[in-house]
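following is a predicted model, sequence given first.
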Amino acid sequence: MEPKYRVKHAIIGRLRVTFPDFVCDQRRMAAIKDYLNQIDGVNEVKTSHHCASATIFYQPEIIRQDNILEMLDLFQADKGWTVEQALLVPDGKGAEMDTLSTREKAMWKRASEIFGSAGSIGILLPFFPGIPLLMLAAFCRAKAHGKKT
């Protein structure tokens, strides 16, 4: 199975990995963070769903970088942990998968920026509808982040 992550930066004790398929996906990044925090020798994991990256701080005398990468492979392997299996919402029920691709999310985000800009101009100009455009921008932003609308 081809890894669905890229190592962006690696020094002894710190590893930065990006997950291109998980941009703006809070649930999947939270699942990755929870999984990595359970590994012996990992001190801290910082994730950013905006750029889909995880910075892993670890103790090199306990675990090596290649062991962490193997654990990430196991996380997404069919026979072991997969990201889909690890998705949990706070109430303990399984979270449903996002149906939007990264490209669709980027499209919704760009639309929200355009409508937000036009709405801001509309607040200043009396003949331009500002509030409806800002509401449309909020709707597009919610869609970009996978919120149900």
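Looks like it came in fine. Numbering: from 1, shown residues only.

buried residues in the strand or helix carrying Trp108?
Secondary structure assignment for Trp108, by DSSP states H and E: helix 102-124. By neighbour count on 16 or more other Cβ atoms under 10 Å, the buried set for helix 102-124 is 105, 108-109, 111-112, 115-116, 118-119, 122. For every residue, glycine as well, the C-beta is placed using N, CA and C.

average model confidence for the helix or strand following that helix?
As assigned by DSSP H and E, the chain's next helix or strand after helix 102-124 is helix 130-144. On average, the pLDDT along helix 130-144 is 89.

any idea of the angle helix 130-144 forms with helix 102-124?
Interaxial angle, helix 130-144 versus helix 102-124 (axes from the mean of the first three to the mean of the last three Cα atoms, to 10 degrees): 160 degrees.

report all helices and strands that helix 130-144 contacts.
Applying 3 or more Cβ pairs under 8 Å, 6 or more residues apart in numbering; DSSP states H and E, one finds that helix 130-144 contacts helix 102-124.

chain center to the helix it packs on, what's the gap?
20 Å (Cα atoms, centre = their mean, to the nearest Å).

of the buried residues of helix 102-124, which is the nearest to Leu136?
Phe115 (4.6 Å; Cβ to Cβ).

residues in contact with that closest one?
Applying Cβ atoms under 8 Å, 6 or more residues apart in numbering, one finds that Phe115 lies in contact with 133-134, 136-137, 140.
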